[in-house]
Structure formats: C-alpha cells, structure tokens
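Peer 1: with the sequence up front, the predicted model follows.
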Amino acid sequence: MWRYQKGRFFQEDFPLPQEATLLLCLNGEPWTALSYTPGEELLLALGHLYLSGVVGGLEGLTWQVGDGVVNLNLPQRPKRGLGVRDSGCAAGLRFGEAPLRPLPPVSLDPGLPPRLLSELRREARAYAETRGIHGAALFDLEGRLLYLNEDIGRHNAVDRLMGYMLLEGIKPPVLLAVTGRVSREMAAKAIAMGAVLLASRTGATAPAVDLAKRYGLALAAYVRPESYRLYAPGGLTIPMPNPTD
C-alpha cells in the first residue's frame, strides 16, 4: 500500500479486513447469502435467523457447518418459499408471524452509554488493526461485557451476539453497544434480542427512533466519553429542570 502525505508517496503495510460470502440453507435449500467476516459462522446463522423471525429458539434444530455454508434443519418448513435473498438495511425486519414485543421497564444508569462504548473500543482488536470494520458488544445490566464481535457488516456483528445468547443460554434483558449507524433494522434487532439500551458511536435514523420510542428501547447515539444524544429514553430517567434554576 502507498500512503500519500505532504506531497509524497510512502510505502506502508496495513492489514485489510477479510470478506467472504456465507450461504445459509434451511432444510438443505438456499435461504440467505451474506457478505461477512469469516469466523463463528454458526453464531451468525443462528442469530440472523432468530432476529429475522425465522426460528424462535434452538428446540428441534440441528445444523451442519461447512466451507462457507451453514445448513439448519428445522422441524417445520417455513411458510414462505425458499430462495436466496440479500440481507442489509433494506431487508425485511421480521419474517413470518413473530412480532416485536415491548421491552420491560428497567431503570438504567445514565452513565452506561459512555462506559459501554469505551469498553467496546478498548476490546475491538480488528478495528485497531484495520480501521475498516464494525463492532458490536453485549453487556449485562450492570455493564459487564459478555461477548464482543467484529464484522464488515454491522448487522452481522449484532446477529452473532444473538447467536451467542442462544447457545450460552443468556436471557434478556441485556445491553447493546455498536459502532455503526442505527437503522430501523438495527433497532428492531436490538428489541428482538431483548436489549433495553442500544448505544452507538454514530447516528440513528428517524424510523429507528420511532421504533425505539414505541417499544421502550433506550437509544443513545453519538456517544462520546462524556456526552451522548438520547433519542429515546427507555429506562434512562431524565431529570426535569428545576423551575427555580
């Protein structure tokens, strides 16, 4: 690689994020093709299908993981016809008949968002090396890190957190921190996994904010070490100004 600086080119070694294609199959038939960072394919497959509403848990599921392919055997065939479809911001939020449910009221410490993002940044090793990858981290209600994942796709990173919850038996409510933009689909994933707080280093879209308010998700964006923008309060209590101040 060449770096251009102060009018000159300099040779420089800099690691690049890896990218591959993962094919998810249901009962042996193609379902979804994902561009992803190789590794932990089963977590990605389980989390993606759970947060898409295709599966509701691990009961009755078996699977095979091969070279670039994960096949999940479901007890019942999904109602919709199978076929490869893309995943991303424009993909459907929930498949089938699994609606989102309002989150439970949980009192949260207002200092949590900066703490979560600080922990995510500190443990994000691939980002430190490549500067070209997204991160997502799962925490308990006290802000203790449970699992962290990095991927070229911010949706994939969150999906793997859900896969980890399923395999490890972690029950909601939980907390979630991400590096990427919070779209409507990202907010829906947080709600579906039972995250009562979603903290992001970057911004959020208007539909994501509407969804967070509707389901009780605390949504904090543009999180910095000593500040953040709270778009939806959820369990974060906002002190009202004193009229005498």
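Peer 2: That came through, no problem.

Peer 1: residue 204 touches residue 220, doesn't it?
Peer 2: No - using C-beta atoms under 8 Å, residue 204 is not in contact with residue 220; the gap is 9.0 Å. In this view, the C-beta of every residue, glycine as well, is placed from N, C-alpha and C.

Peer 1: sec struct for residue 23, please.
Peer 2: strand (DSSP: H, G, I helix; E, B strand; the rest coil).

Peer 1: so where is the protein shaky, pLDDT-wise?
Peer 2: The chain contains residues with pLDDT under 70 at 78-98, 239-245.

Peer 1: domain-wise, how is it divided?
Peer 2: Listed domain ranges for the chain are 20-86, 112-232 (source: automatic domain parsing).

Peer 1: circling back: looking at residue 204 and residue 220, which is more packed in?
Peer 2: Using other C-beta atoms under 10 Å, the more surrounded residue of residue 204 and residue 220 is residue 220, with 29 against 24.

Peer 1: need the contact list for the most centrally placed residue in the chain.
Peer 2: Nearest to the geometric centre of the chain sits residue 158, at 2.1 Å (C-alpha atoms, centre = their mean). Applying C-beta atoms under 8 Å, 6 or more residues apart in numbering to residue 158 gives the contacts 47, 51, 136, 176, 178, 186, 189-190, 193.

Peer 1: please repeat the previous calculation with a cut-off of 7 Å.
Peer 2: 136, 178, 186, 189 (C-beta atoms under 7 Å, 6 or more residues apart in numbering).

Peer 1: among the domains of the chain, which comes closest to residue 11?
Peer 2: domain 112-232 (18.0 Å; C-beta to C-beta).

Peer 1: hey, where'd the strands end up in the protein?
Peer 2: For the chain, the strands defined by DSSP state E cover 2-5, 8-11, 20-26, 29-36, 62-66, 69-73, 85-86, 134-139, 145-151, 174-178, 195-200, 218-224, 227-232.

Peer 1: out of the ones you listed, which gets nearest to residue 210?
Peer 2: Nearest to residue 210, of all those, is strand 227-232, at 8.7 Å by C-beta to C-beta.

Peer 1: the closest one pairs with which strands, and in what direction?
Peer 2: For strand 227-232, the paired strands and their directions (DSSP bridges) are strand 218-224 (antiparallel).

Peer 1: rewinding a little: between the contacts of residue 158, which sits nearest residue 62?
Peer 2: Of all these, residue 62 sits closest to residue 189, with 24.6 Å by C-beta to C-beta.

Peer 1: burial count for that closest one?
Peer 2: Residue 189: 30 surrounding residues under other C-beta under 10 Å.

Peer 1: cool, residue 35 as well?
Peer 2: 15.

Peer 1: ok so, going back, for the contacts of residue 158, which one is nearest residue 29?
Peer 2: Among the contacts of residue 158, residue 189 lies closest to residue 29 (C-beta to C-beta), at 24.4 Å.
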